[in-house]
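Q: got a predicted structure here, sequence first:
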Amino acid sequence: MKLYHISLNSLLRRKARMFFLLAGLLIAVSTVVLLMSIGQTMNEDIANKLDEYGANILIVPRSDELSLSYGGMAVSGVSFDVTPLLQDDVAKIREIKNRDNIKIVSPKLLNVADVQQKKVMVVGVHFNEEITLKKWWSIIGDVPEKEDEALIGVDVKRKLQLGLGQIVLINGTPFRVSGILNESGSQDDQLVFIDLERAQRLFNKGSEISLIEVAALCYDCPIEDIVAQASDKLPGARVTAIQQTIKSKMKSIHQFERFSLGISVVILFVAILIVFTTMSASVNERKKEIGIFRAMGYRQSHIIRIILQEAFLLSTLAGLAGYFLGVSVSGYAGSWIGADQVNVHIDSTIMALSLLISVVIGLGASFYPAIKAARLDPTVSLQSL
Amino acid sequence: MSLIQVMKLVKTYHSGGETVRAVDGVSLGIEIGEFVAITGTSGSGKSTLLTMLGGLNEPASGRISVDEIDIYRLSVEQRADFRKEYIGFVFQAFHLLPYLNVLENVMIPLAISRLSAAAKKEKAMLLLEKVGLHDKALRLPNELSGGEQERVAIARALVNDPPIILADEPTGNLDSATSGIVMELFSRLNKEGQTVVMVTHDEQNLSYATRQINLKDGRLSGGCRVAAV
């Protein structure tokens, strides 16, 4: 028989008190785990949905000249004398340190062309990437699959009175209109999109590109890091972050995280009070028992060990149970907050953290009652014997 | 030199603004192998004296030496070690822990010793055999009669092989027949060389003691009766 034997049997004997204390710690730990899991799910969700927010990094040739505008963003002069970006630069972006965070790289060539005797901005793109990047595009007809097909904005359709399947002349070269973009309210409505390589040949641009749009997200590191890494790889280019969309989303996540932290602190404080009150009441109830131990030669440190071992056993159990309860509930909570993918998985770090929180609360809040028990005057405890 | 030497022992309490001398200048000596009965009316200070002999109750003045150790010059933790080594307490209300079985209750003092689990169990079982309860080792205390519970408490007091047993009204909660069994046990232990100091009200118990010490208002009163051993 060892001291822990006494602690364990004492706990089993006082089932109601043990249940109350266990429930208090379990609810606290599971709530904290739930809030942490939701925060993590939200972060993972935003990473998974990144392409829905479009590009968040824009790479254009470095230039001191005036810029044309594209998508509300400054684009270095299309017709000015600048060192252009080349097709090879696209591959370089995939070589940066945070390359795993890059979801889409979409190079573009912009050129003003004569379309049905009117000046129209023609954009050369890789359609598969463009479609992935611009989830909000709604297309009547088909996305161009052949080099001689074009996708036109709704304003172009109206002004040039074009329709699906019609042939349109761009700088005298015929293209078939395979699709028309529904009104998006963006500059895309006034553009004509054709295949990037076809555009380079049409405008005699070799492997030049005007800009590269990148969709990237590193939710646990700043977007500025990715921008800096891309700038290092492309010294002749200007890399800027379009941060509004992601930033506002991330801001709301950070707000939730701060809110969670606040709630967690309050809940853990309540748990500390529950453990402290329960253990203090338990010590008062066990004065006689403590008196007997002291009469039999138990040192004060033995009494402290008995009380703290009880707290340790309970808090370890509560920490583990609280973790699994929190993770289970977070599966439902994740879908409730609208996350598409809720990954309910065992995270050893969070598990260790919940155990640590529970044990620290259990032992910390029991320490004073344990000291109080050890310092009980044996004769006072024994008076009632 | 006596096993227990008490010198001018004083214990005071403060009650309602007054200082009460629960033990008032008691001096006595108890030899190895004695069976001493401390008697006196309620409030005479006999239980206070017993707890003081056991190192649980610090005197206002005076000195208690056990085996030439001045026990109240020891630190609180050293005094706990002293109790573990020298004293076995038996209480009136048994005070077994209800959540431990008979065997485990006897082993409580051994939970802080370095003996192996097997040695602890063997020692406790031997004592249960001695008090005639080895067949009830796995019962819970509430499954035993009062006399049986008291015998478990005695086994528990003996498990550390202490040279001194301090018993406070050990038959106070027992009927006369059961009291006789318990007192026979104390007597048998004493005959085997165990020093026993017992507080009692019961006249019948005095016949088992080798010496009677009577307290009145915290002082030794009258002579000491020595029974035939």
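A: Received it, and whenever you're ready, just let me know what you need.

Q: for the chain, longest helix please?
A: Reading this off chain A. Using DSSP state H, we find that the single longest helix of chain A is helix A:244-285.

Q: not what I meant, chain B
A: Across chain B, the helix with the greatest residue count (assigned by DSSP H) is helix B:176-191.

Q: using CSV, write out every CA atom in it.
A: The C-alpha coordinates for helix B:176-191 follow below in CSV (Å, rounded to 0.1, in the frame of the first residue of the first chain):
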residue,chain,number,x,y,z
SER,B,176,-19.2,-5.2,28.7
ALA,B,177,-18.6,-8.6,27.0
THR,B,178,-16.8,-7.1,24.0
SER,B,179,-14.9,-4.8,26.3
GLY,B,180,-13.6,-7.8,28.1
ILE,B,181,-12.3,-9.3,24.8
VAL,B,182,-10.5,-6.1,23.9
MET,B,183,-9.0,-5.7,27.4
GLU,B,184,-7.8,-9.3,27.3
LEU,B,185,-6.1,-8.4,24.1
PHE,B,186,-4.4,-5.4,25.7
SER,B,187,-3.4,-7.5,28.6
ARG,B,188,-1.9,-10.2,26.4
LEU,B,189,0.1,-7.6,24.5
ASN,B,190,1.3,-6.1,27.7
LYS,B,191,2.4,-9.6,28.9
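
Q: from the rest of the structure, what touches the helix or strand just after that helix?
A: Tracing the chain C-terminally past helix B:176-191 and defining elements by DSSP states H and E, one meets strand B:195-199 next. Under the contact criterion Cβ atoms under 8 Å, 6 or more residues apart in numbering or on different chains, strand B:195-199 has outside partners B:3-4, B:30-39, B:46-47, B:49-50, B:53, B:163-170, B:186, B:189-190, B:205, B:209. Glycine gets a C-beta too; all of them are placed from N, C-alpha and C.

Q: let's see 7 Å
A: Strand B:195-199 has contacts (Cβ atoms under 7 Å, 6 or more residues apart in numbering or on different chains) with B:3, B:30, B:32-38, B:46-47, B:50, B:53, B:163-170, B:186, B:189-190, B:209.

Q: and the buried ones among those residues, selectable in PyMOL?
A: Buried residues within the contacts of strand B:195-199, by 16 or more other Cβ atoms under 10 Å in any protein chain shown, are selected in PyMOL with:
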select buried, chain B and resi 3+30+33+34+35+36+37+38+46+47+50+53+163+164+165+166+167+168+169+170+186+189+190+209
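
Q: can you flag which of the contacts of strand B:195-199 belong to strands?
A: Mapping the contacts of strand B:195-199 onto strands (DSSP state E) picks out B:30, B:35, B:36, B:37, B:38, B:164, B:165, B:166, B:167, B:168.

Q: ok, of those, which one's closest to chain A?
A: Nearest to chain A among the ones in strands among the contacts of strand B:195-199: residue B:168, at 7.5 Å, using Cβ to the nearest Cβ.

Q: the residue nearest the centre of chain B and residue B:154, how far apart?
A: Centroid-nearest residue in chain B: residue B:166, 1.4 Å away (criterion: Cα atoms, centre = their mean). Noted for residue B:166: a distance of 12 Å to residue B:154, by Cβ to Cβ, to the nearest Å.

Q: again, but for residue B:200
A: 15 Å.

Q: report pLDDT for the closest residue to residue B:40 other than its chain neighbours.
A: What sits nearest to residue B:40 in space, not counting adjacent residues and going by Cβ to Cβ, 6 or more residues apart in numbering or on different chains, is residue B:215, at 3.7 Å. In this model, residue B:215 is scored at 91, pLDDT.

Q: surely residue B:215 touches residue B:42?
A: No. When contacts are counted by Cβ atoms under 7 Å, residue B:215 is not listed as touching residue B:42 (11.0 Å).

Q: comparing these two, which residue is more hemmed in?
A: residue B:215 (25 against 7; other Cβ atoms under 10 Å in any protein chain shown).

Q: can you tell me the helix or strand for the more buried one?
A: Going by DSSP H and E, residue B:215 is part of strand B:211-216.

Q: for residue B:118, what are its contacts?
A: Applying Cβ under 7 Å, 6+ apart to residue B:118 gives no contacts.

Q: shouldn't it be within a strand?
A: No. Residue B:118: not assigned to a strand; according to DSSP: H, G, I helix; E, B strand; the rest coil it is helix.

Q: from residue A:93, how far out is it?
A: Residue B:118 is 71 Å from residue A:93, by Cβ to Cβ.

Q: low-confidence ranges in the stretch 101-250 of chain A?
A: A:217-222, A:243-247, A:249 (pLDDT under 70).

Q: what segments of it are helices?
A: A:127-133, A:154-160, A:196-202, A:223-233, A:244-285 (DSSP state H, counting those that start in this stretch).

Q: would you turn those into CSV with distance to chain B?
A: Below are the helices of the stretch 101-250 of chain A laid out as CSV (distance: least, Cβ to the nearest Cβ, whole Å):
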stretch, distance to chain B
helix A:127-133, 66
helix A:154-160, 81
helix A:196-202, 79
helix A:223-233, 58
helix A:244-285, 12
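
Q: for the nearest residue to residue A:166 once chain neighbours are set aside, what are its contacts?
A: Computed as Cβ to Cβ, 6+ apart, the closest residue to residue A:166 that is not its neighbour in sequence is residue A:177, at 5.1 Å. Neighbouring residues of residue A:177 by Cβ under 7 Å, 6+ apart: A:150, A:152, A:162, A:163, A:164, A:165, A:166, A:168.

Q: so for chain A, the centremost residue is which one?
A: residue A:43 (1.6 Å).

Q: make sure that residue is indeed in a helix.
A: Yes. Assessed by three-state DSSP, residue A:43 belongs to a helix.
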